[in-house]
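S.K.: what follows is a protein structure lacking sequence information:
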């Protein structure tokens with residue numbers, strides 16, 4: 001089976017490798033005129049889009065085919081200060097160029113809306129804000145020319161004293177979403193409330209793909225073994241290539257915190273349990289050192305002698 005690796009948002013190995021430069025609302029509101037405040041967002045957006053294309057070119061040069069876009073590509077896009085600003089039309093050429101480049105180089109792209117995006121909240125205002133945030137991400141992917149192959153990762157949300165009722169609310173909200181959002185959603189297990197088993201059952205219920213977070217599973221599970229869950233998780237992709245998230249615990253009391261790099265032995269433990277299915281899969285590394293963690297993991301995996309190095313960010317096992 002073939003396994004590809006990617007990373008999140010910014011490249012540390014290059015100059016101007018951050019596409020998520022932003023401004024706080026407090027500092028933005030220090031600018032007196034509304035038009036000048038939008039101009040500030042406009043300048044940051046132009047810089048972010050240029051940096052984003054630079055990062056994708058770096059990825060292509062190093063065979064990195066899996067990448068997560070930052071949610072801050074358009075700073076404060078859903079804030080009232082940006083209301084009425086048609087950023088997708090203004091930056092249509094830049095967004096299309098980014099999408100064209102990613103497709104030309106066979107890049108699998110995604111985004112992960114922030115933790116406040118809660119589709120199972122009992123608060124209608126939270127639901128409305130969450131849908132607005134998802135619509136922003138979908139609008140960006142549409143402007144880049146992506147279809148539903150560009151995915152949006154979400155967690156189930158809070159338990160709100162009744163996981164069963166919270167799961168029902170998630171399903172109800174999911175069915176109300178517009179197609180350009182609904183068809184992009186993939187659901188991830190979390191490290192506190194919703195186990196891999198919970199999310200698998202939900203994904204089977206709503207016919208959505210599940211993205212397995214291996215680290216979260218070890219933080220939050222009810223005794224389920226991944227070897228038993230993995231075939232059914234992979235099947236939620238309906239013939240497509242599954243994607244997982246991989247991170248290692250940072251040293252210290254908080255086991256949920258992510259380390260700078262990935263422990264190769266921990267990753268190979270997952271490979272060993274996945275080998276019987278013999279299903280290709282992609283891996284999003286959620287490590288603090290971003291692209292450097294990809295390069296280090298590739299070196300560490302090659303040193304094990306267990307894998308075949310296909311290119312700079314792909315192995316075969």
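M.R.: Noted; the coordinates are in hand. As the structure is a prediction and not an experimental result, all values here were calculated from the model. Residues are numbered from 1 along each chain as shown.
S.K.: what about residue 288, is that helix, strand or coil?
M.R.: Here residue 288 is coil, with the state taken from DSSP: H, G, I helix; E, B strand; the rest coil.
S.K.: again, but for residue 276
M.R.: Going by three-state DSSP: residue 276 is coil.
S.K.: burial of it, as a residue count?
M.R.: Neighbours of residue 276 under the rule other C-beta atoms under 10 Å: 10. Glycine gets a C-beta too; all of them are placed from N, C-alpha and C.
S.K.: surely residue 115 is within a helix?
M.R.: No - assessed with three-state DSSP, residue 115 is coil; it does not lie in a helix.
S.K.: okay, buried residues for the helix or strand that contains residue 41 please.
M.R.: Element membership for residue 41, per DSSP states H and E: helix 34-61. Neighbour counts over helix 34-61 (16 or more other C-beta atoms under 10 Å) mark 37-38, 40-42, 44-45, 48-49, 51-56, 59-60 as buried.
S.K.: ok, now stretch 2-13?
M.R.: So for stretch 2-13, counting by 16+ other C-beta under 10 Å, buried means 3, 4, 5, 6, 7, 8, 9, 10, 11.
S.K.: can you list those in a markdown table and add secondary structure and distance to residue 130?
M.R.: Converted to a markdown table, the buried residues of stretch 2-13 look like this (DSSP: H, G, I helix; E, B strand; the rest coil; distance: C-beta to C-beta, whole Å):
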| residue | secondary structure | distance to residue 130 |
| --- | --- | --- |
| 3 | strand | 32 |
| 4 | strand | 30 |
| 5 | strand | 30 |
| 6 | strand | 25 |
| 7 | strand | 26 |
| 8 | strand | 21 |
| 9 | coil | 21 |
| 10 | coil | 25 |
| 11 | coil | 29 |
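S.K.: identify the farthest-apart pair in those residues.
M.R.: Spanning the widest gap among the buried residues of stretch 2-13 are 3 and 10, at 22.8 Å by C-beta to C-beta.
S.K.: work out for me the element residue 153 sits within.
M.R.: Using DSSP H and E, residue 153 sits in strand 151-155.
S.K.: for that strand, give the mean pLDDT please.
M.R.: For strand 151-155, mean pLDDT is 98.
S.K.: for the stretch 101-250 of the chain, just list every one of the helices.
M.R.: For the stretch 101-250 of the chain, the helices defined by DSSP state H, counting those that start in this stretch cover 124-144, 163-176, 179-182, 196-206, 214-219, 226-235.
S.K.: closest to residue 268 out of those?
M.R.: Residue 268 lies closest, by C-beta to C-beta, to one member of the helices of the stretch 101-250 of the chain: helix 214-219, at 11.7 Å.
S.K.: give the other helices and strands that the closest one contacts.
M.R.: strand 243-246 (3 or more C-beta pairs under 8 Å, 6 or more residues apart in numbering; DSSP states H and E).
S.K.: burial of the residue nearest to residue 146 when sequence neighbours are not counted, as a residue count?
M.R.: Computed as C-beta to C-beta, 6 or more residues apart in numbering, the closest residue to residue 146 that is not its neighbour in sequence is residue 99, at 5.8 Å. Residue 99 has 21 neighbours, counted by other C-beta under 10 Å.
S.K.: ok, residue 174 next?
M.R.: Using other C-beta under 10 Å, residue 174 is surrounded by 20 other residues.
S.K.: number of nearby residues for the nearest residue to it once chain neighbours are set aside?
M.R.: In space, residue 174 comes closest to residue 206 once its chain neighbours are excluded; the distance is 5.3 Å by C-beta to C-beta, 6+ apart. The tally of other residues near residue 206 (other C-beta under 10 Å) stands at 15.
S.K.: distance of residue 206 relative to residue 147?
M.R.: Distance, residue 206 to residue 147, using C-beta to C-beta, to the nearest Å: 19 Å.
S.K.: and for residue 40?
M.R.: Distance, residue 40 to residue 147, using C-beta to C-beta: 33 Å.
S.K.: again with residue 124
M.R.: Counting by C-beta to C-beta - residue 124 and residue 147 are separated by 30 Å.
S.K.: repeat that for residue 167.
M.R.: To residue 147, residue 167 is 28 Å away according to C-beta to C-beta.
S.K.: more crowded one of those two?
M.R.: residue 167 (21 against 10).
S.K.: which residues sit in contact with the residue lying closest to that one once chain neighbours are set aside?
M.R.: Using C-beta to C-beta, 6+ apart and skipping the chain neighbours, the partner closest in space to residue 167 is residue 202 (5.9 Å). With contact taken as C-beta atoms under 8 Å, 6 or more residues apart in numbering, residue 202 is in contact with 156, 167, 170, 171, 187, 194, 208.
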